[in-house]
Each structure stands twice: as structure tokens, then as C-alpha cells.
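Visitor: Need a 3D model of the following:
(one chain, ligands or ions: 1)
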Amino acid sequence: MRFLVAGASGFLGTAVQAVLVAEGHQVRAVSRSGRAAPGAEGVACNLLGGNISGLLAGVDGVLNLVGVLREDAAAGMTYRRVHVELAKQLARAAASVGVPRFVQLSSLGAAQSRASRYFASKRAAEDAVQATLPRAVVVRSSVVFGDGAPLLTGVSRLARLPVVPVPGDGRTPFDPIARHDVAALLAAVLAEDREEMAGQVLSVGGPRRLTLDDLVDWAARIGGRRGIVPKMHVPVALVDRAAAVGDVWPGVPVNRAQVHLLTTPNITEDRRWHRWVPHPAPAGED
Ligand SMILES: NC(=O)c1ccc[n+]([C@@H]2O[C@H](COP(=O)([O-])OP(=O)(O)OC[C@H]3O[C@@H](n4cnc5c(N)ncnc54)[C@H](OP(=O)(O)O)[C@@H]3O)[C@@H](O)[C@H]2O)c1
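Guide: Sure thing, here's the model as predicted:
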């Protein structure tokens with residue numbers, strides 16, 4: 001089969017491309033850079049305003065992985081545009097040319113969309129896609145780990161400080177999931193098109209639950225730090241105010257979306273997806 005992967009050059013997209021190619025599928029890998037895995041067809045296109053329908057010729061399914069953690073209003077890359085408008089345009093284009101399958105990758109935090117503008121945009125994207133394509137499948141993921149993981153890399157950098165500031169009480173729960181497990185799941189959902197999956201929202205997370213403090217310790221070890229990591233728990237409202245500066249000034253390493261990701265419970269009891277990935281890898285083993 002032939003699939004279009006939007007946001008294919010990113011952390012997750014690179015892994016999904018590799019799985020799809022290894023399983024014998026043809027992959028049209030779309031991103032602004034157009035970077036493609038060996039065996040995939042790379043297409044450089046800004047999907048905000050690009051000719052989407054033209055990219056969908058002969059495609060059996062679309063996987064939307066486009067997302068940004070940090071807005072760039074000057075470049076028109078707001079959460080609203082990149083998450084909601086782009087997903088809507090992609091779904092409408094898929095509907096207009098009759099692409100039968102569509103998978104939208106979202107975040108577990110979308111279930112608590114009031115927590116932040118970032119989560120609200122992820123939720124609005126899900127709704128926009130399923131309003132246009134009621135059979136589309138939404139996959140909400142917990143934080144993903146693996147080489148170059150965006151959120152964990154950020155935490156790892158923070159964990160180099162002598163005393164690590166941790167937003168909140170450090171007890172926010174996470175079910176981190178491995179990149180290769182998310183990639184395997186997305187490839188399976190795209191290719192299998194099971195009737196009972198149509199229109200579903202799957203919530204996915206790994207088998208080992210960690211607190212934010214555990215996550216900081218783990219990220220510190222990944223970054224090469226040994227021994228006990230001294231932490232200072234800072235009230236969320238205070239960190240949030242400081243992070244607001246990061247929203248407008250890229251020099252500040254943390255922005256509000258990252259703070260909300262670290263302080264909003266990121267867990268799930270949904271196990272339906274284990275039929276495709278029966279033994280997901282536990283977090284924290286390094
Ligand atoms: N990583 C996680 O822990 C995690 C957890 C839950 C959910 N998710 C969701 O999974 C998705 C992928 O995450 P990721 O970690 O792989 O992110 P990522 O590495 O930042 O990848 C984002 C992708 O989107 C592309 N992109 C951005 N703007 C675009 C545009 N206007 N037109 C075309 N392509 C564009 C980027 O490529 P260019 O820059 O080359 O355009 C890149 O390929 C996101 O929606 C994210 O919210 C991730």
C-alpha cells in the first residue's frame with residue numbers, strides 16, 4: 001500500500017517511515033525539509049497552504065504527525081494553525097480525493113484540553129479530523145522516549161544544573177512509551193484498517209509508570225549524570241510565569257507548553273492497542 005506521512009522528518013516520523021518501508025509499503029514522506037528514510041519518497045512541502053490534494057494521488061492512507069512544541073507567531077506557526085488548521089486541511093483534502101484511511105497522532109493531554117492552549121489545540125485537531133472523516137483513528141500518546149526524544153532531551157539538559165528546578169510537587173504521573181512501539185502501532189493501525197477501529201480514540205502509554213521526579217532522575221542518567229539529583233520543587237504558577245517568557249523569547253529553554261506537559265497527568269489504562277504491540281518496552285532502563 002502507499003501512505004502519506006505528514007511530519008515524516010521528525011522524531012516519530014523517521015521511525016514510522018522505517019517500519020512502513022520495512023513492511024513493503026510505499027511511503028510519501030512530507031515535511032518542510034523533505035527528509036526521507038531510505039526507500040521512502042521525500043517531498044518538501046509546507047503543508048500550511050501547500051497543494052495537499054496533489055500529494056494524495058494514489059495514496060491509501062494518511063498519517064498526520066505534524067506538530068510544534070514552540071510557537072513561532074512571526075512565521076505563522078501557531079498551535080492553532082499548525083495543529084488545527086493544518087489537520088483540518090489535510091483531512092478535507094483526504095476526504096475530497098477519497099483516501100480511505102486517516103490516522104491522527106495526538107497527545108494524552110488532549111483529554112484535559114483545559115490545562116493549556118497546547119493541549120486545547122491537540123484536542124481541536126482531533127475533533128476537526130473526525131468531524132471531516134468520522135472513520136479516522138486518533139492515537140493519543142504519552143511522552144515518547146528514544147534517542148533524540150524532544151521532551152526528555154529538554155529535561156536532560158535541565159538536569160545538568162547543580163539543583164534541578166522541578167515544576168509542582170514532582171509527582172505528576174507518566175507512562176512513557178518507546179518510539180519503536182509507537183511507530184509499530186501507527187504502522188499497524190494504518191495498514192490493517194480494522195472495522196472496529198473506525199472512529200476510535202486509542203490512548204497509549206508504556207508499562208512502567210514514573211513520576212516527574214523519576215523522569216528527571218532518568219533524564220539525568222541519560223545525560224551522563226551519576227548519583228542523587230538534588231531537586232527544588234517550584235510552585236507551578238511561578239514556573240508558568242517564567243515559562244511565559246520562553247513563549248516569546250526562544251533564548252529561554254522552557255516554554256509554557258513544556259511546563260504543562262510536565263505537570264499534567266500523562267497516563268492511561270487503555271490496553272486495546274496491545275493486540276498490535278503486546279510487549280511494549282518499559283521506561284527507565286538505560
Ligand atoms: N514526541 C513525543 O513525546 C510525543 C508525545 C505525544 C504526542 N506527540 C505528537 O506526535 C507528533 C510528532 O511528534 P515528534 O516528536 O515526532 O515531533 P517533531 O520531531 O517535532 O516532528 C514534527 C514534524 O512536523 C513537521 N512539520 C512542522 N511544521 C510543518 C509544516 N508546516 N508542514 C509540513 N511539515 C511540518 C516537521 O518537519 P519540518 O520541520 O521539516 O517541516 C517534523 O517532521 C506531534 O503531533 C506531537 O504532538 C509526540
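Visitor: drop to CA atoms for contacts and neighbour counts, all remaining ones
Guide: Noted.
Visitor: Give me every residue in the stretch 101-250 of the chain that's in contact range of the ligand.
Guide: For the stretch 101-250 of the chain, the residues in contact with the ligand (Cα under 6 Å from any ligand atom) are 105-107, 141-144, 149-150.
Visitor: Tell me the one of these nearest Glu41?
Guide: Within those, the smallest distance to Glu41 is 21.0 Å, found for Leu105 (Cα to Cα).
Visitor: Apart from its chain neighbours, what residue comes closest to the closest one?
Guide: For Leu105, ignoring the flanking residues on the chain, the nearest one in space by Cα to Cα, 6 or more residues apart in numbering is Val139 at 5.0 Å.
Visitor: That neighbour belongs to a strand?
Guide: Yes. If the criterion is DSSP: H, G, I helix; E, B strand; the rest coil, then Val139 is within a strand.
Visitor: Tally up the residues packed near it, please.
Guide: 23 (other Cα atoms under 10 Å).
Visitor: wait, doesn't it sit right on Ser106?
Guide: Yes. Judged on Cα atoms under 8 Å, Val139 makes contact with Ser106 at a distance of 5.7 Å.
Visitor: quick one: the residue lying closest to Thr264 once chain neighbours are set aside and the ligand, what's the gap?
Guide: What sits nearest to Thr264 in space, not counting adjacent residues and going by Cα to Cα, 6+ apart, is Thr172, at 6.5 Å. Look at Thr172 and the ligand: by Cα to the nearest ligand atom, to the nearest Å, they are 16 Å apart.
Visitor: quick revisit: is the residue nearest to Leu105 bridged to anything, and to what?
Guide: On the basis of DSSP bridges, Val139 is bridged to Leu105, Leu202.
Visitor: What distance do you get for it to Ala110?
Guide: Going from Val139 to Ala110 by Cα to Cα, to the nearest Å gives 11 Å.
Visitor: try Ser53
Guide: If you go by Cα to Cα, the gap between Ser53 and Ala110 works out to 28 Å.
Visitor: Compare these two and say which is more crowded by neighbours.
Guide: A count of neighbours by other Cα under 10 Å puts Ala110 above the other of Ser53 and Ala110, at 22 against 15.
Visitor: give the contact list for that one.
Guide: 119-123, 140 (Cα atoms under 8 Å, 6 or more residues apart in numbering).
Visitor: Same question for Leu186.
Guide: Leu186 sits next to 16, 103 when contact means Cα under 8 Å, 6+ apart.
Visitor: quick one: it from the ligand, how far?
Guide: For Leu186, the distance to the ligand equals 11 Å [Cα to the nearest ligand atom].
Visitor: for Phe174, same thing?
Guide: According to Cα to the nearest ligand atom, Phe174 stands 11 Å off from the ligand.
Visitor: burial count for the residue nearest to that residue when sequence neighbours are not counted?
Guide: Once flanking residues are discounted, Phe174 sits nearest to Asn266: 4.7 Å by Cα to Cα, 6+ apart. The tally of other residues near Asn266 (other Cα under 10 Å) stands at 26.
Visitor: sorry, back to before: now the buried members of the residues of the stretch 101-250 of the chain next to the ligand.
Guide: The neighbour-count criterion (16 or more other Cα atoms under 10 Å) marks 105-107, 141-144, 149-150 among those as buried.
Visitor: which residues do Val139 and Ser106 both contact?
Guide: Here Val139 and Ser106 share no contacting residue, scored by Cα under 8 Å, 6+ apart.
Visitor: host element of Val30?
Guide: According to DSSP states H and E, Val30 maps onto strand 26-31.
Visitor: Quick check: can you name the pairing partners of that strand and their directions?
Guide: According to DSSP bridges, strand 26-31 forms sheet pairs with strand 2-6 (parallel), strand 41-44 (parallel).
Visitor: Do the helix or strand following the last one and the ligand come into contact?
Guide: Looking back up the chat, that one is strand 41-44. Downstream of strand 41-44, the first helix or strand assigned by DSSP H and E is helix 52-55. No. Applying Cα under 6 Å from any ligand atom, one finds helix 52-55 separated from the ligand by no less than 10.3 Å.
Visitor: Just the pLDDT at Gly246, thanks.
Guide: pLDDT recorded at Gly246 is 78.
Visitor: And it, its phi and psi?
Guide: The phi/psi pair for Gly246 (degrees, to the nearest 10) reads phi -60, psi -20.
Visitor: residues in contact with the helix or strand hosting Val62?
Guide: For Val62, the element it lies in under DSSP H and E is strand 61-64. Residues from elsewhere that reach strand 61-64, judged by Cα under 8 Å, 6+ apart: 2-7, 87, 94, 99-105, 190.
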